[in-house]
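> Only the shape, not the letters, is given here:
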């Protein structure tokens, strides 16, 4: 489908979704909500897509909800029918998602980054959980992801004070995987995504396991590991890995 509020590109196994409302720091309006979930569904169904890069156009990543575009419906319905839908899709689709945080990520925009599987951040970017500044509570999964990443007490401080978190501090706290010099950001993102795009089918099952492991008890996880190990071992990519080892070459995975 044609998109108005985002850019969608697929090349070499990488789907790049760029939130494209730079004049509003890529904040979510009704159009972007609709198009973002459709873009995720399209990428999920496309066998040519092996990984997804999510980023923002212009100087920002995403500033959360466009407060000038809130409809008359209750805010609870906006959260349930828009934000919760695409956060759930991000965590359940079995393709890795990289959040390439190129600028400020605020409010639901910060939570959007936290919902990704890998977070790479430019050294001049920042995060802020700004909900309290507008008299609201964290949403978009922030109350789930944040304390699991930084612990309860630090999460409380981040949410209650709503201070800006620099890229260096975000990395120190374990909020992001890597901080990258801004001048090298685009090239590094491409290189990182290219590695994932060459990975085996089991990457999606790894994502499933780690997500379930956030809440499931050990006995359930042991059984899931055994079940998915059987499935992974029967794939083309597993057979290719064994063959390439015997032939002393790099494996050529096909995601099958």
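That came through, no problem. Since this is a predicted model, take the numbers as computed values, not measurements.
> quick one: low-confidence parts of this protein?
By pLDDT under 70, the low-scoring segments of the chain are 71-72.
> mind running it again at 90?
Scanning the chain for pLDDT under 90 picks out 1-2, 67-75, 247-248.
> That one: helices as residue ranges?
Here the chain has its helices, by DSSP state H, at 30-45, 75-78, 84-92, 108-114, 142-150, 152-161, 167-173, 185-197, 202-213, 218-233, 236-246.
> Include distance to residue 63 when you put those into CSV, please.
C-beta here means a position set from N, CA and C on the backbone, and glycine is covered the same way. CSV is the format used below for the helices of the chain (distance: least, C-beta to C-beta, whole Å):
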stretch, distance to residue 63
helix 30-45, 11
helix 75-78, 16
helix 84-92, 16
helix 108-114, 5
helix 142-150, 14
helix 152-161, 17
helix 167-173, 16
helix 185-197, 19
helix 202-213, 27
helix 218-233, 37
helix 236-246, 39
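> Name the stretch among these that sits most buried.
Of all the helices of the chain, helix 108-114 has the most neighbours on average by mean count of other C-beta atoms under 10 Å, namely a mean of 27.
> name the helices or strands packed onto that helix?
Here helix 108-114 touches strand 60-62, strand 97-101, strand 126-128, helix 142-150, going by 3 or more C-beta pairs under 8 Å, 6 or more residues apart in numbering; DSSP states H and E.
> ok, residue 90 touching residue 115?
Yes - counting by C-beta atoms under 8 Å, residue 115 is a contact partner of residue 90 at 4.8 Å.
> Pull up the overlap in contacts between the two.
Common neighbours of residue 90 and residue 115, using C-beta atoms under 8 Å, 6 or more residues apart in numbering, are residue 97.
> Tabulate the helices and strands packed on helix 108-114 (a markdown table), appending distance to residue 218.
A markdown table is the format used below for these (distance: least, C-beta to C-beta, whole Å):
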| stretch | distance to residue 218 |
| --- | --- |
| strand 60-62 | 36 |
| strand 97-101 | 27 |
| strand 126-128 | 32 |
| helix 142-150 | 17 |
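> Ok, which of the ones you listed comes nearest residue 178?
Proximity to residue 178 (C-beta to C-beta) singles out strand 97-101 among those, at 10.4 Å.
> Who does the closest one pair with, and is each partner parallel or antiparallel?
strand 51-56 (parallel), strand 118-122 (parallel) (DSSP bridges).
> what sits up against the longest one?
Around strand 51-56, the neighbours that count as contacts under C-beta under 8 Å, 6+ apart are 13-19, 22, 25-26, 40, 43, 61-62, 95-103, 112, 116, 189, 193, 196-197, 199, 203.
> how big is the angle separating that strand from helix 30-45?
Angle, strand 51-56 to helix 30-45, by axes from the mean of the first three to the mean of the last three C-alpha atoms, to 10 degrees: 160 degrees.
> burial of the spatially closest residue to residue 161 that is not a sequence neighbour, as a residue count?
In this structure, residue 161 finds its nearest non-sequential neighbour in residue 132, 8.0 Å apart by C-beta to C-beta, 6 or more residues apart in numbering. When neighbours are defined as other C-beta atoms under 10 Å, residue 132 has 15 of them.
> show me the contacts for residue 132.
Shown in contact with residue 132 (C-beta under 8 Å, 6+ apart): 159, 160, 161, 162.
> same thing with residue 6?
Contacts of residue 6 by C-beta under 8 Å, 6+ apart are 17, 18, 19, 20, 32, 35, 36, 39.
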